[in-house]
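Chemist: give me the fold of what follows.
(2 chains)
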Amino acid sequence: MHDQFILFLEALLQQTGLREMWWGNLVMIAVGCTMIYLAIAKHFEPYLLIGIGFACIVANVPGSDLIREGGLFHYAYQGVNLLILPPLIFLGVGAMTDFGPMIANPRLVILGAGAHLGIFVALIGAKLWGFSIQEAGAIGIIGGADGPMAIFVTVTLAPHLLPQISVAAYSYMALMPLIQPPVMRLLTTKEERLIRMEQPRQVGKLEKIAFPIVIAVIVNLFFPPVAPLITMLALGNLLKEVGVVERLSRTAANGIMNVVTITLTVAIGSTMSADTFLTVKTLQIVFLGLVAFVFGTASGVLTAKLMNLFLTKKINPLIGSAGIASVPIAARVSAVVAKQEDKRNYLIYQAMGPNLAGVFGTAISGGIMLALLLAR
Amino acid sequence: MLVPDTLQGALLLSLIDFFLSFVVIAGIGLVLAAFPWLDRIVKPGVNDPIQD
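Modeler: Sure, this is the predicted structure:
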């Protein structure tokens, strides 16, 4: 009987994941706990870090059925793998976004391209470090500071790097208030930071309705690889701007957005197992992501300064860094830095223009990259 | 693959992509610059858009 008792205990033990656990799992569980701590105590992107952190913990408990084939987190990941969730996120983003600042000041949209040099610096750096060109492209897109776009491009070009790239992209977006200001101050003079800009014009309702339709046509015509994302952004925005389908617009901005956010974050976190995450490649990607953000910030500011050489009505170069995307964090950073120099200099509306243009800048850069790297 | 998996390929991809993104974004800017005329369709002669 004693022997049978031991046998039963052994059989039970084999059902658990205890035997497969190694120190790497404990490290990643600590990483997940850190994410949850940062979300709760420091309010660092809580809507993202809670789900990612929790799923990261579960993914590193060997034996969890949730992440195995047939498990709930496995199916959540299929939403990412089949490129269903990122477009739905953009539907919600479009339904929450007012593109008025971008429409009101068309000359500032060029900053949405100028602030993306970081994508290509990271891409070249990754290639120098021995990544394949497709992996390098996926790593470079971190510099676009757009989570769904980073996921979209990575799943297409280098799906095995999704955990590292998505975590790097979302983490650096949350850390923008720390990363950007030193670069912005280094590249501008006090005089430049004090430039005040006129309030942009009022944008009419017909303009706001026409905008998503025009954008959807342009993107589908010229950039089919990224059309799913931008088309859903346009649809969400159209639902918002027509003003006659408020229930749908509220659903897109709230219900759908919340459900998809939970599913997407859990899907990303579930891929953060120690075996795939604790590698030298992860450190390299994290470093290159930082390089991308720093160079993107710098190139945005320098593009604005270059524009000022030709403009009579000068723009405050601090809004150049907002062209990196990551709406509205980057615009907020520009406004805060300007306000630190002059408490009465309110730049948030002006900074939103390049900030929104940056979303399209990332889509265009990503679209061209996908078109060239997938072409045979 | 059209783009060679080399450093030169990465440099070429980067140059073309960066340059083209400026061109396309500028094109979008030009389209947006024409948007104030839409207000004239709604209210011709009234509320003429303020030139930026």
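
Chemist: wait, A:Thr34 sits on A:Ile57?
Modeler: No: assessed by C-beta atoms under 8 Å, A:Thr34 is found out of contact with A:Ile57, at 10.5 Å. In this view, the C-beta of every residue, glycine as well, is placed from N, C-alpha and C.

Chemist: more neighbours: which of those two?
Modeler: Remark: of A:Thr34 and A:Ile57, A:Ile57 carries more neighbours, 21 against 13, as counted by other C-beta atoms under 10 Å in any protein chain shown.

Chemist: do you know how far the more buried one is from B:Leu15?
Modeler: Taking C-beta to C-beta, to the nearest Å as the measure, A:Ile57 falls 43 Å from B:Leu15.

Chemist: near chain B, which residues of the stretch 1-150 of chain A?
Modeler: For the stretch 1-150 of chain A, the residues in contact with chain B (C-beta under 8 Å from any C-beta of the partner chain) are A:102-107, A:109-110, A:112-114, A:116-117, A:119-120, A:123-124, A:127-128, A:132-134, A:136-137.

Chemist: whichever of those end up buried, select them in PyMOL.
Modeler: What follows is the PyMOL syntax for the buried subset of the residues of the stretch 1-150 of chain A next to chain B, where burial is set by 16 or more other C-beta atoms under 10 Å in any protein chain shown:
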select buried, chain A and resi 102+103+104+105+106+107+109+110+112+113+114+116+117+119+120+123+124+127+133+134+136+137
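
Chemist: in helices only, show me the residues of the stretch 1-150 of chain A next to chain B.
Modeler: A:102-104, A:112-114, A:117, A:119-120, A:123-124, A:127-128, A:133-134, A:136-137 (DSSP state H).

Chemist: which stretches of the stretch 151-300 of chain A form helices?
Modeler: A:162-174, A:176-186, A:190-193, A:205-222, A:227-242, A:246-250, A:257-269, A:274-277, A:280-308 (DSSP state H, counting those that start in this stretch).

Chemist: now do chain B
Modeler: Using DSSP H, helices in chain B cover B:7-33, B:36-42.

Chemist: least reliable of those helices by average pLDDT, please.
Modeler: Here the lowest mean pLDDT among the helices of chain B goes to helix B:36-42, at a mean of 79.

Chemist: buried residues in it?
Modeler: Neighbour counts over helix B:36-42 (16+ other C-beta under 10 Å) mark B:Pro36, B:Leu38, B:Asp39 as buried.

Chemist: got the CA coordinates for that helix in CSV?
Modeler: Output in CSV follows, covering the C-alpha atoms of helix B:36-42 (Å, rounded to 0.1, in the frame of the first residue of the first chain):
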residue,chain,number,x,y,z
PRO,B,36,-10.7,73.7,-47.2
TRP,B,37,-12.5,73.9,-50.6
LEU,B,38,-14.9,71.2,-49.4
ASP,B,39,-16.3,73.7,-47.0
ARG,B,40,-17.3,75.8,-50.0
ILE,B,41,-19.5,73.0,-51.2
VAL,B,42,-21.4,73.0,-48.0
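
Chemist: from the chain's centre, how far out does that helix sit?
Modeler: Counting by C-alpha atoms, centre = their mean, to the nearest Å, helix B:36-42 is centred 21 Å from the centre of its parent chain.

Chemist: packing partners of that helix?
Modeler: If you count contacts as 3 or more C-beta pairs under 8 Å, 6 or more residues apart in numbering or on different chains; DSSP states H and E, helix B:36-42 packs onto helix A:205-222.

Chemist: in the helix it packs on, what's buried?
Modeler: Judged by neighbour count using 16+ other C-beta under 10 Å, the buried positions of helix A:205-222 are A:206-212, A:214-216, A:218-219, A:222.

Chemist: tell me the contacts of B:Ala10?
Modeler: With contact set as C-beta atoms under 8 Å, 6 or more residues apart in numbering or on different chains, B:Ala10 has these partners: A:Leu123, A:Ile124, A:Lys127, A:Ile133, A:Ala136.

Chemist: can you tell me the closest non-neighbouring residue to it?
Modeler: A:Lys127 (3.9 Å; C-beta to C-beta, 6 or more residues apart in numbering or on different chains).

Chemist: so who does that neighbour touch?
Modeler: Going by C-beta under 8 Å, 6+ apart, A:Lys127 touches A:Ile133, A:Ala136, B:Thr6, B:Leu7, B:Gly9, B:Ala10.

Chemist: so what's the residue count around A:Arg68?
Modeler: Count around A:Arg68 with other C-beta under 10 Å applied: 10.

Chemist: likewise for A:Glu191?
Modeler: A:Glu191 is flanked by 8 other residues according to other C-beta under 10 Å.

Chemist: check the one 4 residues further on too.
Modeler: Taking other C-beta under 10 Å as the criterion, the count of residues near A:Ile195 is 21.

Chemist: up against chain A, what does chain B have?
Modeler: B:1-7, B:9-11, B:13-18, B:20-22, B:24-26, B:28-33, B:35-36, B:38-39, B:41-42, B:47, B:49-50, B:52.

Chemist: ok, so of the buried residues of helix A:205-222, who is nearest A:Gly289?
Modeler: Lowest distance from A:Gly289 to the buried residues of helix A:205-222 (C-beta to C-beta) belongs to A:Val219, with 25.7 Å.

Chemist: for the closest one, give me its contacts.
Modeler: Contact analysis of A:Val219 by C-beta under 8 Å, 6+ apart lists A:Val226, A:Ala227, A:Ile230, A:Thr231, A:Ala234, A:Ala363, A:Gly367.

Chemist: residues of the lowest-mean-pLDDT helix or strand in chain A that come out buried?
Modeler: Ranked by mean pLDDT, DSSP states H and E, the helix or strand of chain A with the weakest confidence is helix A:2-15, at a mean of 80. Neighbour counts over helix A:2-15 (16+ other C-beta under 10 Å) mark no residue as buried.

Chemist: with stretch A:359-366 instead?
Modeler: Applying a neighbour-count criterion of 16+ other C-beta under 10 Å, the buried positions in stretch A:359-366 are A:Val359, A:Phe360, A:Gly361, A:Thr362, A:Ala363, A:Ile364, A:Ser365, A:Gly366.

Chemist: and if you look at stretch A:337-347?
Modeler: Quick answer for stretch A:337-347 (16+ other C-beta under 10 Å): A:Val337, A:Ala338, A:Glu341, A:Asn345, A:Leu347.

Chemist: quick check: the spatially most central residue of chain B vs A:Ala113, distance?
Modeler: For chain B, the residue nearest the mean C-alpha position is B:Ile25 (2.3 Å; C-alpha atoms, centre = their mean). As judged by C-beta to C-beta, B:Ile25 and A:Ala113 stand 4 Å apart.

Chemist: tell me, what's touching these two both at once?
Modeler: A:Ala357, A:Gly361, A:Ile364.
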